[in-house]
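Enquirer: 3D model of this:
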Amino acid sequence: AEEASLTLSLLKSRGLLTEEFLENFIRDYLTDLTLHEIGHVLGLRHNFTAKTWLPDEALGSSNPFSASVMDYGTVNMAAKGEKQGSFWATKLGPYDYWAIEYAYRPLDGLSNAESSAALEAIASRSQEPGLAYATDEDSNGTDPLIQTWTMGRDVLDFARKRTNLVRELWSLLDTEQPQANENYQSFFMRYLDGWLAYDTAVRAAAVNIGGFYTHRHHAGGAGSKDPFEPVPGDVQRKTLAFLDAVLFSDAPFVLSPQLLRRLARERQPSIRVTDPELTMMPHGEMVRWLRARALERILNEDVLRRIVETPGMSSPGDNPLTIAELLERLTKSILSEAFNPRAMRTGPKKISSMRRDLQTEYVGFLVGIAFLGINDEIPGVSALAKAHLKRLSARTERAGTVKGWDEESRTHLLEITRKVETAFDKYEPGP
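Expert: Residues are numbered from 1 along each chain as shown. I've put the predicted structure just below:
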């Protein structure tokens, strides 16, 4: 429903939301939902890899575009200028026909041996295109191709297109003039639709970091793969560059003062807003929330452990991402102002409040990795984080002495230095 709201909000802002379109959109949604639930009635489980069946360029022309109605795919919303295909999965895919054939093929009159042979023949097709299977137990945040609410084979491309759609929505809201007697809550709800979709896109991309592709293949079959395959290091680096541009940079989140003044919350409880608050919308706090959630996904213990294990599972020439490289890339992205303060604009140097919040969150995560909870469980990670904090502290202290900062920015840089020094004094006091 949230993904449908984003699509409808964007189409409304584009001026394309007609009564006829809305009727067809809802009908196709109900068809998608009904097919999925009937699949459960017939005994089918979720298949969260079905949406990766076709190459991304086929999503605008193929119906079905998913190998199964048992997936949790998002609305198939095309980027601006691209061909729009079916929004919903309104037709059965090859996996559905195959699974139903295995479960319900008549075997009357066959001996036990003949029945087993017939079922084995059906099952032996499991590595054919469109018949891959991954269900709830496989959707554990490890495999970027086994996720809910994504679309296509390239999760990074999906995330890029989805964040572009959100920015288009916010840009259109910025120029849209409210109709006479229209309440401003409609602006807030469409703004919020964008936030939820942005978070989904960032979350989907972040699974590449420390990720593994998982396979259910049996050994020896045609095209069979090992159960675990690390996401290539270059894909993880591209993901970090993507997050630098769409998440850690302030540029995607700079909205006009006019739009921010119009973001009035609902005044009555509803299905989507059960506990309305008659307060202004804290846009900067929403940005902080989004960034903190992403850092929590990237720097949690399971992800760090997988990154540590990846070199031992990689083939020569794979060039896997390491913990040291991950921390270095994140630090230079998030605290770029401290690494090259003299290159900032002329006049008063300023770190925005949104960036200051991000930098404070990140340093807090580094302190947690260095001293709280991961110390002995992942050998070497804590030591790397401590060394990183010491270099970072020296950087922020030196940057804070550069002339030209406004008072808030200078105080912030020196406060980071103080927090790091306090952490070392508390957890590793000297003799």
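
Enquirer: from here on, contacts and neighbour counts on C-alpha atoms
Expert: Noted.

Enquirer: Report how many residues lie close to T310.
Expert: T310: 23 surrounding residues under other CA atoms under 10 Å.

Enquirer: Look up phi and psi at it.
Expert: Main-chain torsions, T310, degrees, to the nearest 10: phi -60, psi -40.

Enquirer: my read: it touches D318, true?
Expert: No - between T310 and D318 there is no contact under CA atoms under 8 Å: 10.1 Å.

Enquirer: centroid residue for this structure?
Expert: Nearest to the geometric centre of the chain sits R203, at 2.0 Å (CA atoms, centre = their mean).

Enquirer: right, and that residue touches L295 too?
Expert: No - between R203 and L295 there is no contact, the gap being 10.0 Å when judged by CA under 8 Å.

Enquirer: which residues of the stretch 251-400 of the chain score low on pLDDT?
Expert: For the stretch 251-400 of the chain, applying pLDDT under 70 flags the ranges 271-273, 276-279, 342-348, 373-377.

Enquirer: Can you show me the helices along it?
Expert: 257-261, 283-298, 301-313, 323-334, 336-339, 353-371, 381-400 (DSSP state H, counting those that start in this stretch).

Enquirer: Could you name the stretch from these that's closest to G210?
Expert: Closest approach to G210 among the helices of the stretch 251-400 of the chain (CA to CA): helix 301-313, 5.0 Å.

Enquirer: For that closest one, buried residues please.
Expert: Applying a neighbour-count criterion of 16 or more other CA atoms under 10 Å, the buried positions in helix 301-313 are E301, V303, L304, R305, R306, I307, V308, T310, P311.

Enquirer: Excluding chain neighbours, what is closest to the fifth one?
Expert: Across the structure, with CA to CA, 6 or more residues apart in numbering as the measure, the residue nearest R306 apart from its sequence neighbours is G210 (5.5 Å).

Enquirer: OK, contacts around that neighbour?
Expert: With CA atoms under 8 Å, 6 or more residues apart in numbering as the criterion, the residues that contact G210 are T142, P230, V231, Q236, I298, V303, L304, R306, I307, T310.

Enquirer: go again using 10 Å as the cut-off
Expert: Residues near G210 by CA atoms under 10 Å, 6 or more residues apart in numbering: 142-144, 230-233, 236, 298-299, 302-310, 320-323, 326.

Enquirer: Over to R291?
Expert: So R291 contacts D199, V202, L243, L247, F248, E285, R297, M354, D357, L358, E361, Y362 (CA under 10 Å, 6+ apart).

Enquirer: likewise F212?
Expert: 141-145, 227-232, 306-307, 310.

Enquirer: change it to 6 Å
Expert: T142, D143, E229, P230, V231 (CA atoms under 6 Å, 6 or more residues apart in numbering).

Enquirer: how much space between L304 and E325?
Expert: 12 Å (CA to CA, to the nearest Å).

Enquirer: ok, for the residue nearest to the centre of the chain, nearest residue in space, not its chain neighbours?
Expert: Nearest one to R203, counting by CA to CA, 6+ apart, is A294 at 6.5 Å.

Enquirer: do the same with L59
Expert: L59 sits nearest to F65 (CA to CA, 6+ apart), 5.7 Å away.

Enquirer: Could you tell me how many residues sit around that neighbour?
Expert: 30.

Enquirer: which stretch of helix or strand covers D143?
Expert: Following DSSP states H and E, there is no helix or strand that holds D143.

Enquirer: pretty sure it is touching I209, no?
Expert: No - using CA atoms under 6 Å as the test, D143 is too far from I209 to be in contact (9.9 Å).
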